[in-house]
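# 3D, please:
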Amino acid sequence: MQVKLLELRDEGTFIPLLCVDMNQSRHDDPRVSGLAQRYLLRRCGYPCDGRPNIAITHLGCDGKPMSNDPYSWGGRTYPVAHKFIIEHWAELKDGDVVDVEFILGEKPTPKVSERLSAPL
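The predicted model follows:
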């Protein structure tokens with residue numbers, strides 16, 4: 001499994017996300033590593049076919065759900081971001097901003113990460 005932490009932004013919104021690709025890495029040899037993970041994922045019905053199977057949740061661990069279905073969220077922020085994360089998984093890295101307004105063409109440029117302007 002591969003984990004990435006992303007910054008989800010929308011109009012007036014800042015949500016730190018925990019994103020997990022539940023498929024085995026292409027570099028893992030399924031005969032050697034990940035057998036338990038693959039077994040459990042398959043038992044739950046996940047395809048384990050090498051395509052991104054991205055589950056996301058709010059990093060704050062505040063009781064919000066985790067889902068790998070972009071259509072389960074409702075509203076606009078999570079579904080748009082989740083679909084974008086799935087489509088661009090390989091390009092995204094820890095700390096990247098997923099800006100829903102930019103994705104939807106409502107803003108000409110993506111937001112800059114708050115970490116670049118906020119002291120720790």
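
# low-confidence ranges in this protein?
24-33, 118-120 (pLDDT under 70).

# In it, which helix is the longest?
helix 77-87 (DSSP state H).

# residues in contact with it?
6, 8, 10, 13, 15, 17, 19, 52, 54, 56, 67, 70-71, 73, 92, 98, 100, 103-104 (C-beta atoms under 8 Å, 6 or more residues apart in numbering). No exception for glycine: its C-beta is placed from N, CA and C like everyone else's.

# the strands in the chain, which residues?
Assigned by DSSP state E, the chain shows strands spanning 2-10, 13-21, 54-58, 97-99.

# who does the third one touch, helix- and strand-wise?
In this structure, strand 54-58 packs against strand 13-21, helix 77-87, with contacts taken as 3 or more C-beta pairs under 8 Å, 6 or more residues apart in numbering; DSSP states H and E.

# quick revisit: which of the contacts of helix 77-87 are buried?
Neighbour counting over the contacts of helix 77-87 (16 or more other C-beta atoms under 10 Å) leaves 6, 8, 10, 15, 17, 19, 52, 54, 56, 70, 73, 92, 98, 100, 103 as the buried ones.
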